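[1] What shape does this take:
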Amino acid sequence: MQSDIGSLLHKVSKDLDKISDQVLLERLGIGLSQFRVLLYLLNSDGVRQKLIAENLAQTEPSVSRQVKVLQQKGLAIVRRSVSSRRDRLIFLTQKGAKTAEKAVNILNEYHAPMFASLSPKEQQQLIKTLQAMREFIRD
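    Numbering: from 1, shown residues only. I've put the predicted structure just below:
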């Protein structure tokens, strides 16, 4: 039973990622990977690329590729740190912040019918369960 739960959670996560990637590409021209970087920067602007990679559990080269895409689209800028010439600090542009907020709204709206299929009590229980699982993993 436990392996079935883990497998199902993995499949649901993978499916949500795939759908979210498609929706964001169609509506905003950014993929899920770029969205994750934007969202991180929305909450922690002006951070080292290495820190973004660590917090998103991605490699630095992967984050570097995403940042280049964001720069090309005018959603982020990169500056060298004044304290360490080797460090690259990533900042959101105004357009990047607006795009991140639009993306959150688009995904919430797109996934709303799925969550509406659950009763309010089931939604609260799902949130509580997922939070407990996340806390267990982080400890």
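[2] use CA for all of it now, contacts and neighbours both
    Will do.
[3] who are the neighbours in contact with the residue nearest to the spatial centre of the chain?
    For the chain, the residue sitting closest to the mean C-alpha position, by C-alpha atoms, centre = their mean, is Arg36 at 2.5 Å. Residues near Arg36 by C-alpha atoms under 8 Å, 6 or more residues apart in numbering: Leu56.
[4] What strand or helix carries it?
    Assigned by DSSP states H and E, Arg36 belongs to helix 32-43.
[5] shaky segments in this protein?
    Residues of the chain meeting the criterion pLDDT under 70: 1-3.
[6] Mind giving me the packing neighbours of the biggest helix by length in it?
    In the chain, taking DSSP state H as the definition, the longest helix is helix 2-28. On a contact count with 3 or more C-alpha pairs under 8 Å, 6 or more residues apart in numbering; DSSP states H and E, helix 2-28 meets helix 32-43, helix 94-116.
[7] After the last one, which helix or strand is next?
    Spelled out, that is helix 94-116. helix 120-138.
[8] Over to the shortest one?
    Next along the chain after helix 32-43, taking DSSP H and E as the criterion, comes strand 47-48.
[9] what's in contact with whichever helix or strand comes after that next one?
    On the C-terminal side of strand 47-48, the nearest following helix or strand under DSSP H and E is helix 49-56. For helix 49-56, the surrounding residues in contact (C-alpha under 8 Å, 6+ apart) are Arg36, Val37, Tyr40, Thr59, Glu60, Ser62, Val63, Ser64, Asp87, Arg88, Leu89, Ile90.
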